[in-house]
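Student: coordinates only, no sequence provided:
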């Protein structure tokens, strides 16, 4: 795989950090881009600007494009739905058009959030029912990539964890920040279910699946599932703070003003295709959280 020329879009975030490090070990030529140049190894590229993107394609000539660029804050997307669609949907179209024009394989990162309803588990074959502007725009990207490009991979991630203190913007970091700020009681919802997804495992597994050239859509999450409450308890235990921190379980209504974007009851994914093809390299979420929690010290 070293001969591939790999272009990474939206690589400044928590998943991008892991993907860049793994790709740099596997490939000789990697170009990581973003609009937020928060690392020395990032170069500027805005997926919403097709002319700027085409210049990158003509100069770098990628053979593999891993498209990470997206707005992922659900509340921001609800309040700024036009920018959400321009970034997540139009931006994906722009990269897709260029991948086809320059004969590059496209890898699109999607989300368990595209599902909705009363179902508890979702396989790769279940029908999506996106509820929020974020989920709808990401699902549009899925559909576009599958319809428009023959050489494509779509990977659906679950509750993301990774990036460390510097880049993690998700659940682990929010819990950690509360504890570091002196909170002795945490209010955690018990009515949201999902499958945690460790960025390091996701990045490593993604490359192994790409090697097969079995172009397809795949659920790719850590094995095992949990509620937000289960996850928080496990993290607190790993920090050794069970006796110091009280966890109070609440319903989602407790946070309805802060987290007003519609979210599904369950985002539990099953890696059905990966398991059936002996390509499921994801570890159990508890093992991954144990490894990841070492980056967080109070």
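Tutor: Yep, that arrived. Please read these numbers as outputs of a predicted model, since none were measured by experiment.

Student: alpha carbons only for contacts and neighbour counts from here, please
Tutor: Noted.

Student: for the helix or strand containing residue 55, packing partners?
Tutor: Assigning secondary structure by DSSP states H and E places residue 55 in helix 50-60. Counting contacts by 3 or more CA pairs under 8 Å, 6 or more residues apart in numbering; DSSP states H and E, helix 50-60 is packed against helix 91-101.

Student: tell me the helix or strand right after the helix it packs on.
Tutor: Next along from helix 91-101, by DSSP H and E: strand 105-111.

Student: the strands in the stretch 1-150 of the chain, which residues?
Tutor: 5-9, 29-34, 42-44, 64-67, 105-111, 121-122 (DSSP state E, counting those that start in this stretch).

Student: let's have those in CSV, adding distance to residue 76 and mean neighbour count.
Tutor: Listed next are the strands of the stretch 1-150 of the chain as CSV, based on distance: least, CA to CA, whole Å; neighbours: other CA atoms under 10 Å:
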stretch, distance to residue 76, mean neighbour count
strand 5-9, 20, 24
strand 29-34, 19, 22
strand 42-44, 23, 18
strand 64-67, 20, 23
strand 105-111, 17, 24
strand 121-122, 26, 18
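
Student: dump the ones you listed to TSV, plus mean pLDDT and distance to residue 165.
Tutor: What follows is the strands of the stretch 1-150 of the chain, written out as TSV (pLDDT from 0 to 100; distance: least, CA to CA, whole Å):
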stretch	mean pLDDT	distance to residue 165
strand 5-9	98	22
strand 29-34	97	20
strand 42-44	97	19
strand 64-67	98	24
strand 105-111	98	22
strand 121-122	96	31
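
Student: and the angle from the helix holding residue 55 to strand 5-9?
Tutor: Using axes from the mean of the first three to the mean of the last three CA atoms, to 10 degrees, the direction of helix 50-60 lies 160 degrees away from that of strand 5-9.

Student: re earlier: now the strands of the stretch 1-150 of the chain in JSON lines, with distance to residue 131?
Tutor: Shown next, in JSON lines, are those (distance: least, CA to CA, whole Å):
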{"stretch": "strand 5-9", "distance to residue 131": "26"}
{"stretch": "strand 29-34", "distance to residue 131": "27"}
{"stretch": "strand 42-44", "distance to residue 131": "32"}
{"stretch": "strand 64-67", "distance to residue 131": "23"}
{"stretch": "strand 105-111", "distance to residue 131": "12"}
{"stretch": "strand 121-122", "distance to residue 131": "15"}
